[in-house]
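Visitor: mind looking at a prediction? Sequence and model below.
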Amino acid sequence: MRKTNQDGQAIGRKGAESRARLLVAARHLITATPTETLTASAIAREAGLASQTFYLYFKGVDEALLCLSRKASEDTGEIVAELDRPWDSGQLRHHAECVVSAFYRYWDRHRAILNIRNFRADGGQDSFVEVRNASAVPIVTKIAARIRAAHGETALSEREAMSRAIIIFSAIERMAARYAYLPGWRSFVDSEDLKRAEAEILTLLISPGRAI
């Protein structure tokens with residue numbers, strides 16, 4: 001968290017509380033308000049603060065959204081823990097399912113702001129790209145290490161393992177982000193079908209001797 005406000009003054013306890021209230025209000029509003037219509041005054045009003053108070057702590061709405069994106073992006077501990085724990089070679093499907101389920105829970109906790117983060121990142125806003133990558137790269141790297149360890153360094157280069165990890169990460173993220181919105185597909189599959197399919201693909205990638 002930044003230590004000074006926009007006027008360069010140190011943020012004390014009351015200032016930190018006001019800033020936190022504004023972020024809570026912004027998080028609440030983005031679940032029901034289109035981002036393009038979100039305003040500083042609406043956030044301040046939701047927080048029960050004066051409009052000018054918002055600009056004491058944030059340059060604009062985008063900075064508040066970036067702060068929320070950064071906080072959400074740091075909450076990947078459960079996913080990382082699943083990838084770091086020792087895996088039983090006879091239970092690879094179970095471990096893959098745990099990783100996928102942790103990913104979905106992460107998205108369920110932060111769906112609104114993560115969708116905004118990714119939309120801004122895809123649109124080329126560098127600050128959101130940086131936040132997104134800081135969250136994704138450690139996970140992708142750990143998946144790649146699992147893939148390469150399963151097949152051997154002589155069979156699969158680091159770049160090849162990373163490429164496969166990026167593809168499976170992107171697929172899981174996309175489905176976790178949008179599984180509640182499957183127009184035209186709901187008569188065929190639901191979110192549990194998608195999770196099982198993703199776990200099966202991840203299992204194939206991390207299974208020794210399997211075609212990749």
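Guide: Right, received. Where do you want to start?
Visitor: can you pull the domain assignment for this protein?
Guide: As recorded under automatic domain parsing, the domains making up the chain are 13-59, 72-206.
Visitor: any chance of these in JSON lines, with mean neighbour count too?
Guide: The way it works is simple: take the backbone N, C-alpha and C, and place the C-beta from them, glycine included. Shown next, in JSON lines, are the domains of the chain (neighbours: other CB atoms under 10 Å):
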{"stretch": "domain 13-59", "mean neighbour count": "16"}
{"stretch": "domain 72-206", "mean neighbour count": "16"}
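Visitor: out of those, which is closest to Leu65?
Guide: Comparing the domains of the chain by their distance to Leu65 (CB to CB), the top pick is domain 72-206, with 5.8 Å.
Visitor: now the closest one: how far from the chain's centre is it?
Guide: Relative to the centre of its chain, domain 72-206 is centred 10 Å away, using CA atoms, centre = their mean, to the nearest Å.
Visitor: end to end, how far does it reach?
Guide: Distance across domain 72-206, first residue to last, is 28 Å (CA to CA, to the nearest Å).
Visitor: model confidence over it, on average?
Guide: In this model, domain 72-206 has a mean pLDDT of 92.
Visitor: circling back: could the domains of the chain be laid out in CSV, adding distance to Leu65?
Guide: As requested, the domains of the chain are arranged in CSV below (distance: least, CB to CB, whole Å):
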stretch, distance to Leu65
domain 13-59, 7
domain 72-206, 6
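Visitor: next secondary structure element downstream of the helix or strand hosting Val131?
Guide: Applying DSSP states H and E as the criterion places Val131 in helix 126-151. Scanning forward in sequence from helix 126-151, with DSSP H and E defining helices and strands, the next element found is helix 158-178.
Visitor: between that next one and helix 126-151, how big is the angle?
Guide: Taking axes from the mean of the first three to the mean of the last three CA atoms, to 10 degrees, one finds that helix 158-178 is oriented at 120 degrees with respect to helix 126-151.
Visitor: what does helix 158-178 contact?
Guide: The contact list for helix 158-178 (CB atoms under 8 Å, 6 or more residues apart in numbering) reads 100, 103-104, 106-107, 111, 114-115, 118, 136, 139-141, 143-145, 147-148, 151, 194, 198, 201-202, 205, 212.
Visitor: now the helices for the chain?
Guide: Listed from the start of the chain, the chain has helices (DSSP state H) covering 13-30, 40-47, 51-57, 61-73, 77-84, 92-122, 126-151, 158-178, 191-206.
Visitor: which other helices and strands does the shortest one contact?
Guide: With contacts defined as 3 or more CB pairs under 8 Å, 6 or more residues apart in numbering; DSSP states H and E, the packing partners of helix 51-57 are helix 13-30, helix 40-47.
Visitor: with distance to Met175 added, can I get these in CSV?
Guide: Rendered in CSV, the data for these read as follows (distance: least, CB to CB, whole Å):
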stretch, distance to Met175
helix 13-30, 21
helix 40-47, 31
